[in-house]
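A.B. asks: I'd like to go over a predicted model; first the sequence, then the structure.
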Amino acid sequence: MAIGFGFGDPLNLRSGLAAPLPTNMRFLHPRTHRASFLKAIVLACPLFLSGSPALAQTPGSLDTSFIKGAGADGFIRVVAVQPDAKILAGGNFGSVHGANNTLVTRLNSDGSPDTSFASAFLPPILASRVYTLALQPDGRILAAGTFTSVGGTFRTNVARLQADGSLDPSFDPGAGPAGLVRILAIQTDTRILIGGEFTTVNNTNRNRIARLNADGSLDTTFDPGTGADNIVRSIALLPSGQLLVGGLFTSFDGQASKYLVRLNANGSLDTSFPAGGGPNGDVYFVAPQPEGTILIGGDFTAVNGTNLNRIARLLADGSVDPSFIPQGGVVGGPVYNIIRQPSDKIALAGAFTTVNTVPRNRLARLNPDGSLDSAFDPGSGPSDTVLTLAIQTDGKLVAGGLFATYDGTTVGMLARVNGDSIYPALAAELPDPEHILVSWPSWATNYALQTKAQLQLATWQTITNKAGIRGDQLAITLPLAAQSQFYRLISQ
């Protein structure tokens, strides 16, 4: 698939074309219409399609271009995609694709090790592992799990890394959480929620949930009382400032509250939620939706007395959403992770083997109504449990876990899975009177930028200048041509 736009004098361009111009194409001569052009006339929309379409990949199939080595030498517990399309991974590994990065590593968007990142965690890994990562807007990385030092500095179970992987000494949680941290969530005010198996934080009683200030100190204004009586696995922030908490607990702050609760912004229990009693088993993942509903996944078999195997959608008050019907549900193991894709379809990861009565090994996708999306076909799928999922801006999924193979191909605990086709959009601006800056999303590394002066010419010329990184975009600055000029991206 080729995607592009053009600049030039409409009359001159039309005179040389054998067919009418596409009605969705806009032309400006960059010199005679400079004032209009400088007001951002051409901005990030696919204006012009030509050439042969790229080979479509089946959603759910393995993206083999992402395989850049033997994978990880230990399990992958968490993956996260950065705005620049690089991929963070955490777990209990010592290396990924042969690059020594203990417990945390970063890959380039093509799957190769990012040599600019060096993990501050030092071998041997022993019982240490990273369970959760959270990326701050400034590029620093919060890491939590079970460990006692980072880069030779005392840090218990939670730490912050600089963007290059080194320890950020300005984040000091003191004695830290006394127990495993399973989940992190960063609030918009930069305070940090943590959940897991700990009973104190910096020597203050906090049972399995707490909030830290941006410097790592305990935020004493967040007081959950006696907290949860068992593991907290998931924390999700709500627009109201409240938060949803899922896990293995059956009481919270001394009140019967099984597996799913809603807390007020100060940590107190919202006793009005959930309406109807909630799930009857462990909740591993909670995912609030933009329209106000709530997806939950875990190891339950019913919610509010309604048979719902391991996946459910709730209304805002916690009652079951009757429009979501996962017929037969998920069988064979828990749901550990849920990702809603741009199409509103719902990707599930876990230890299951059947979804809606159809064999689906550990990875599947549902339609918005809960039915199985048969177009998403992972083949034989991952060979073992998928613990974590993340979505790229191109719709592809990055999966990590305990699996050595995916659909029979060796991947080493980490794989990228094809999603629905999303094509990159070109954008342009004039940084100065003599140049044009052309940019496109940084995930589109398998596209080449091409140009030609007139559409009727048979040949496009590939621009060989190396694109630079500009935020979350790839960008090339070129001399501004005096004549008409067209640009397109074409898949390689």
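C.D. replies: That came through fine.

A.B. asks: hey, where'd the helices end up in this structure?
C.D. replies: Counting by DSSP state H, the chain forms helices over residues 10-15, 34-37, given from the N-terminal end onward.

A.B. asks: and those helices, which one's lowest on average pLDDT?
C.D. replies: In terms of average pLDDT, helix 10-15 trails the rest of those, at a mean of 29.

A.B. asks: which sections of the stretch 351-492 of the chain are below the confidence cut-off?
C.D. replies: Applying pLDDT under 70 to the stretch 351-492 of the chain picks out residues 422, 482-483, 491-492.

A.B. asks: same thing but at 80, please
C.D. replies: Regions of the stretch 351-492 of the chain meeting the criterion pLDDT under 80 cover residues 421-424, 442-446, 454-458, 472, 481-484, 491-492.

A.B. asks: What of the stretch 51-200 of the chain?
C.D. replies: 51-56, 125.

A.B. asks: Could you rerun that using 70?
C.D. replies: Within the stretch 51-200 of the chain, the stretches with pLDDT under 70 are 51-56.

A.B. asks: residue boundaries of the strands in it?
C.D. replies: Per DSSP state E, counting those that start in this stretch, the stretch 51-200 of the chain has strands spanning 76-81, 87-91, 95-96, 99-100, 104-107, 129-135, 141-146, 149-150, 153-154, 158-161, 181-186, 192-196, 200-201. These are given in chain order.

A.B. asks: What lies in contact with the last one?
C.D. replies: Identification of contacts with strand 200-201 by CB atoms under 8 Å, 6 or more residues apart in numbering yields Pro173, Ala175, Gly176, Pro177, Ala178, Ile194, Arg206, Ala210, Leu212, Leu218. All C-beta atoms are positioned from the backbone trio N, CA, C, and that covers glycine.

A.B. asks: For Gly412, state which of the residues you listed is nearest.
C.D. replies: When those are compared for distance to Gly412 (CB to CB), Ile194 wins out at 29.5 Å.

A.B. asks: and that closest one, what is it in contact with?
C.D. replies: In this structure, Ile194 makes contact with Ala144, Val158, Pro177, Val181, Ile183, Leu184, Val201, Ile209, Ala210, Arg211, Leu212, judged by CB under 8 Å, 6+ apart.

A.B. asks: nearest to Pro239, of those?
C.D. replies: Arg211 (17.8 Å).

A.B. asks: My guess is that closest one contacts Ile192. True?
C.D. replies: Yes - counting by CB atoms under 8 Å, Arg211 sits close enough to Ile192 to count as a contact (6.7 Å).

A.B. asks: re the thing from before, now the contacts of Ile194 as TSV including neighbour count?
C.D. replies: Written out in TSV, the entries for these read as follows (neighbours: other CB atoms under 10 Å):
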residue	neighbour count
Ala144	29
Val158	26
Pro177	26
Val181	28
Ile183	24
Leu184	23
Val201	28
Ile209	26
Ala210	30
Arg211	24
Leu212	25
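
A.B. asks: Now render the residues you listed as JSON lines, adding distance to Ile235.
C.D. replies: Compiled in JSON lines, these are given as follows (distance: CB to CB, whole Å):
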{"residue": "Ala144", "distance to Ile235": "12"}
{"residue": "Val158", "distance to Ile235": "14"}
{"residue": "Pro177", "distance to Ile235": "14"}
{"residue": "Val181", "distance to Ile235": "11"}
{"residue": "Ile183", "distance to Ile235": "5"}
{"residue": "Leu184", "distance to Ile235": "8"}
{"residue": "Val201", "distance to Ile235": "15"}
{"residue": "Ile209", "distance to Ile235": "7"}
{"residue": "Ala210", "distance to Ile235": "11"}
{"residue": "Arg211", "distance to Ile235": "10"}
{"residue": "Leu212", "distance to Ile235": "13"}
